[in-house]
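Chemist: here's my sequence, what's the structure:
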Amino acid sequence: MSLLQEFRDRELLAQMTNEAEIERLLDSKDITFYIGFDPTADSLHIGHFLQMKIMAHMQRAGHHPIAIFGGGTAMIGDPSGKSDMRKMLTKEIIAHNIECFKQQMAKFIDIDDGKALFVNNADWLYNLNYIEFIRDVGPHFSVNRMLSAECYKSRMETGLTFLEFNYMIMQSYDFYRLFMDHGCILQFGGDDQWSNIIGGVELIRRKTGKEAYGMTFRLLENSEGVKMGKTEKGAIWLNADKTPPYDFYQYWRNINDADVIKCMKMLTFMSLDEISQYAELCGSDINEAKEKLAYELTKLIHGETEADKALSTAHDVYEGAGFSDDMPTTVLDAGDFIDNKIKVAEMLVKSKLASSKTEAKRLIVQGCVFISDDKVESFDSSLDTDLFTEGIILKKGKKVYHRFILS
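Modeler: Numbering: from 1, shown residues only. Below is the predicted model of the structure:
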């Protein structure tokens, strides 16, 4: 099977600039390609992992990845898919985030002996002379065409700043620099990057007379077209301190039935033949596929030991005694109690099962909160200190379990 066909069968492909030539290139050996990562946080998230998995597929097929970290472009902010301008970051924060990205990415991409490159576009963008840059690159971009790009068009009503308007030009220049410096001929990205990728392909052709290529992959969305990888607590991070392995496992264990097989194809390295066997499951048997997906992804991100622990904890919680020492736990101390009592709403907020007291009230009023198997009936419900001697299990809905203990 060709690499491009595997991408198709895994439901990854979105768009490409020249299908026949790209298929030929992917089936050859030793082409250099790149994917960009803007370091806007101190951890990669599951959306980044999808891109890293594609890089790993390519590297296993004999190609050479470049991961470009946007030390320069992160100072601008990509408007793609955003309703508002991104928060401005300092150089120091961006540099710290890049180091975090490198450490995480090295777990999945082999960088030994030049098999892959990690580069920072700040190395060339920081030192550009603005007048020289605009004279050199600006004539190759049509403002009318840029404004018709989806990444800009969707922002016209809410306000597109001139700062953000530069982003496409800078990302296109990145591709040109990698083409010239490293012979990079192919750029990958999420489908929201299509306009930016086309900008780079055309800039290379106009400045060099040579061809480069672009290909985008589907965004990680559920069956209803909503982007996946978000919870009440925020993004699904790859950093265990930001998203603990058990929480990571539970996210995938609890996804909708309709999304399980797609996520297996897009996110794991399971063979398509094995995935097809899980695709035949139906009814309650689909839980077997969910458990497999959750285990495989947790093993990829956090290692086999943590995956085994998450699986065991889930079995203890859902099929056993209802609790486990490894389940998500919040430790309370005397300062959390008033007159030896704590409100259930406070517990929800403290454990981040609710983002605010308003959300906690909504959950309780809707009958979504339980202490063990007893529904919490009132927003003012509280618990006595002595009930926490052995620990309290609070449930949000049917799938979220959280333990509270005293320090």
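Chemist: report the buried residues of stretch 54-65.
Modeler: 54-59, 63-65 (16 or more other Cβ atoms under 10 Å). C-betas here are computed from N, CA, C, even on glycine.
Chemist: mark out where each domain of this structure begins and ends.
Modeler: 3-217, 230-319, 329-406 (automatic domain parsing).
Chemist: need these in CSV with distance to Ser223, can you?
Modeler: Formatted as CSV, the domains of the chain follow (distance: least, Cβ to Cβ, whole Å):
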stretch, distance to Ser223
domain 3-217, 12
domain 230-319, 4
domain 329-406, 18
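Chemist: need the distance between the two termini of stretch 295-310.
Modeler: In terms of Cα to Cα, to the nearest Å, the two terminal residues of stretch 295-310 are separated by 8 Å.
Chemist: residue ranges with poor pLDDT in this protein?
Modeler: 77-86, 151-157, 159, 231-233, 318-326 (pLDDT under 70).
Chemist: in it, which residue sits furthest out from the middle?
Modeler: The outermost residue of the chain relative to its centre, with distances by Cα atoms, centre = their mean, is Asp339 at 43.5 Å.
Chemist: distance of that residue relative to Leu406?
Modeler: 16 Å (Cβ to Cβ, to the nearest Å).
Chemist: cool, His48 as well?
Modeler: The separation that His48 has from Leu406, given Cβ to Cβ, amounts to 38 Å.
Chemist: ok, now Glu221?
Modeler: 42 Å.
Chemist: who has more neighbours out of these two?
Modeler: Higher neighbour count among Glu221 and Leu406: Leu406, with 17 against 14, using other Cβ atoms under 10 Å.
Chemist: check the gap between the more buried one and Ala345 for me.
Modeler: 19 Å.
Chemist: how many neighbouring residues does the closest residue to Leu238 other than its chain neighbours have?
Modeler: Computed as Cβ to Cβ, 6 or more residues apart in numbering, the closest residue to Leu238 that is not its neighbour in sequence is Leu44, at 4.7 Å. Other residues near Leu44 come to 24 when the count uses other Cβ under 10 Å.
Chemist: test my guess that Leu44 contacts Phe101.
Modeler: Yes - the criterion here is Cβ atoms under 8 Å, and Leu44 meets it with Phe101 at 6.0 Å.
Chemist: for burial, what's the neighbour tally of the closest residue to Ala240 other than its chain neighbours?
Modeler: Spatially, and ignoring its direct neighbours in sequence, Ala240 is nearest to His302 (6.0 Å; Cβ to Cβ, 6+ apart). Neighbour count of His302, defined by other Cβ under 10 Å: 22.
Chemist: likewise Ser372?
Modeler: 10.
Chemist: list phi and psi for it.
Modeler: Dihedral pair for Ser372: phi 60, psi -120, per degrees, to the nearest 10.
Chemist: and for Leu186?
Modeler: Per degrees, to the nearest 10, the backbone of Leu186 is at phi -140, psi 130.
Chemist: pretty sure it contacts Ile204?
Modeler: No - between Leu186 and Ile204 there is no contact under Cβ under 8 Å: 11.1 Å.
Chemist: between those two, which contacts overlap?
Modeler: Ala212 (Cβ atoms under 8 Å, 6 or more residues apart in numbering).
Chemist: hey, where'd the strands end up in the stretch 151-300 of the chain?
Modeler: 184-190, 213-217, 230-231, 234-235 (DSSP state E, counting those that start in this stretch).
Chemist: how about JSON lines for those, with mean neighbour count and distance to Glu306 added?
Modeler: Conversion of the strands of the stretch 151-300 of the chain to JSON lines gives the following (neighbours: other Cβ atoms under 10 Å; distance: least, Cβ to Cβ, whole Å):
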{"stretch": "strand 184-190", "mean neighbour count": "24", "distance to Glu306": "27"}
{"stretch": "strand 213-217", "mean neighbour count": "23", "distance to Glu306": "27"}
{"stretch": "strand 230-231", "mean neighbour count": "14", "distance to Glu306": "18"}
{"stretch": "strand 234-235", "mean neighbour count": "16", "distance to Glu306": "19"}
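Chemist: to Asp316, which of those lies closest?
Modeler: Closest to Asp316 of those, according to Cβ to Cβ: strand 230-231, at 21.7 Å.
Chemist: related to what we said a few turns ago, ok, the residue nearest to Leu238 - contacts?
Modeler: By Cβ under 8 Å, 6+ apart, the contact list for Leu44 reads 37, 52, 101, 104-105, 237-239.
Chemist: which among these gets closest to Tyr176?
Modeler: Phe37 (18.5 Å).
Chemist: look up the residues forming beta bridges with the closest one.
Modeler: Beta-bridge partners for Phe37, by DSSP bridges, are Phe69.
Chemist: my guess is it contacts His48. True?
Modeler: Yes - contact criterion Cβ under 8 Å: Phe37 and His48 qualify, at 6.2 Å.
Chemist: can you give me the helices for the stretch 151-300 of the chain?
Modeler: 162-165, 167-182, 194-208, 245-253, 260-267, 272-279, 286-302 (DSSP state H, counting those that start in this stretch).
Chemist: adding distance to Arg24, write those helices out as a markdown table.
Modeler: Converted to a markdown table, the helices of the stretch 151-300 of the chain look like this (distance: least, Cβ to Cβ, whole Å):
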| stretch | distance to Arg24 |
| --- | --- |
| helix 162-165 | 36 |
| helix 167-182 | 18 |
| helix 194-208 | 17 |
| helix 245-253 | 36 |
| helix 260-267 | 24 |
| helix 272-279 | 22 |
| helix 286-302 | 30 |
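Chemist: thank you, goodbye.
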